[in-house]
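1. my questions are about this predicted structure, shown below with the sequence.
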Amino acid sequence: MAPPSTTAVQEDHVALAEIELCGELMIAASGADGDRLSPDRIDEVLMVTQERSTGADRE
């Protein structure tokens, strides 16, 4: 069997990171009071620091 290529290994790291982020969202959702997480709570869980642009900012 041939060793995995560098690309395959990099894709595995990306996939594992995505799985971890999904897990964090599921944990946050299981503890949420409502049916859904707010966009702000999702950003907090995913550690997003960018400011969201609103429709008024897109002129």
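-> That came through, no problem.

2. if you count residues, where's the longest helix of the chain?
-> Longest helix of the chain, by residue count under DSSP state H: helix 6-30.

3. and it, what does it pack against?
-> Secondary-structure packing of helix 6-30 (3 or more CB pairs under 8 Å, 6 or more residues apart in numbering; DSSP states H and E): helix 39-45. (Glycine included, C-beta is placed from N, CA and C.)

4. would you mark the buried spots in the helix it packs on?
-> Residues residue 45 are the ones in helix 39-45 that count as buried (16 or more other CB atoms under 10 Å).

5. who touches that helix?
-> Residues from elsewhere that reach helix 39-45, judged by CB atoms under 8 Å, 6 or more residues apart in numbering: 24, 25, 28, 32, 37, 48, 52.

6. for this protein, which spans come out with low pLDDT?
-> Where the chain drops to pLDDT under 70, the residues are 1-10, 50-59.

7. now with 50, please.
-> 58-59 (pLDDT under 50).

8. list only buried entries from the contacts of helix 39-45.
-> Buried among the contacts of helix 39-45 (16+ other CB under 10 Å): residue 37.

9. now the contacts of helix 39-45 in TSV, with distance to residue 13?
-> What follows is the contacts of helix 39-45, written out as TSV (distance: CB to CB, whole Å):
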residue	distance to residue 13
24	17
25	19
28	23
32	29
37	26
48	20
52	28
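
10. quick one: which of the contacts of helix 39-45 is nearest residue 12?
-> residue 24 (18.9 Å; CB to CB).

11. so that closest one makes contact with residue 37?
-> No: counting by CB atoms under 8 Å, residue 37 is not a contact partner of residue 24; they are 10.9 Å apart.

12. how near is residue 22 to residue 41?
-> Applying CB to CB, to the nearest Å, the value for residue 22 to residue 41 is 15 Å.

13. can you check residue 27 too?
-> 12 Å.
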